[in-house]
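next come a sequence and a model predicted from it.
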Amino acid sequence: MNGLDLPQPFDVQVLCDRIGGDRGRPIFLAPISLPTGGPCGLWINTEPADYIFFEADTSPLHQRHIVLHELGHLLCDHHAAPVLTPDASRLLMPSLDPAMVRRVLGRGCYSAVEEQQAEIIASMIIQRTSSWVAEPVRPVPPEAAELVRRIERALERTVH
């Protein structure tokens, strides 16, 4: 993580371009509609390029997290057992032979440790690149002011 050149201002595509340049192979991002209950994203590495597919039907913030999670797998060079069916292969890469995609992919599910590593990398990138600061959107109503003060005091004691 320390050697990762995070763009400022942060842009996921720029980060992918940098990582792809370092690896000598492009990283292509592709939003797709994935089945409910299945993965939100996946990384497929082929001979000439890496592909990160992510859920099209979710918020931009969630999409960014999914892409960063998949980048975490890529950066850690994770591999898992193959599970891609011919139908899934045709859905993801219709112009490629399903058998070839399964052979090149050679992975499908990760261990719990690998999932945690990818999630930590995604979270660390978001933390290091986030400029969001919590600020009140509107004033606290007078009737809630005392409650807010007590919560603030309680949180200060647990933080310090």
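Ah, there it is. Numbering: from 1, shown residues only.

might one say that Gln8 is in contact with Thr129?
Yes. Assessed by Cβ atoms under 8 Å, Gln8 is found in contact with Thr129 at 7.5 Å. For the C-beta atoms, the positions are set from N, CA and C on the backbone; glycine is no exception.

who has more neighbours out of the two?
Thr129 (17 against 10; other Cβ atoms under 10 Å).

and Ile52, what element?
strand 50-55 (DSSP states H and E).

next one: the next helix or strand after that strand to chain centre, how far?
Downstream of strand 50-55, the first helix or strand assigned by DSSP H and E is helix 60-76. Going by Cα atoms, centre = their mean, to the nearest Å, the spacing between the C-alpha centre of helix 60-76 and its chain's C-alpha centre is 2 Å.

just stretch 43-56 next, same as before
With Cα atoms, centre = their mean, you get 12 Å for stretch 43-56.

for that stretch, which positions count as buried?
Trp43, Ile44, Asn45, Asp50, Tyr51, Ile52, Phe53, Phe54, Glu55 (16 or more other Cβ atoms under 10 Å).

Leu147: which element?
Per DSSP H and E: helix 145-159 holds Leu147.

now do the strands in the protein.
Assigned by DSSP state E, the chain shows strands spanning 27-32, 41-45, 50-55, 81-82, 108-109.

so which elements touch the first one?
Contact here means 3 or more Cβ pairs under 8 Å, 6 or more residues apart in numbering; DSSP states H and E; on that basis strand 27-32 packs against helix 12-23, strand 50-55, helix 60-76.

quick one: the second one to strand 27-32, angle?
Per axes from the mean of the first three to the mean of the last three Cα atoms, to 10 degrees, the angle that strand 50-55 makes with strand 27-32 is 20 degrees.
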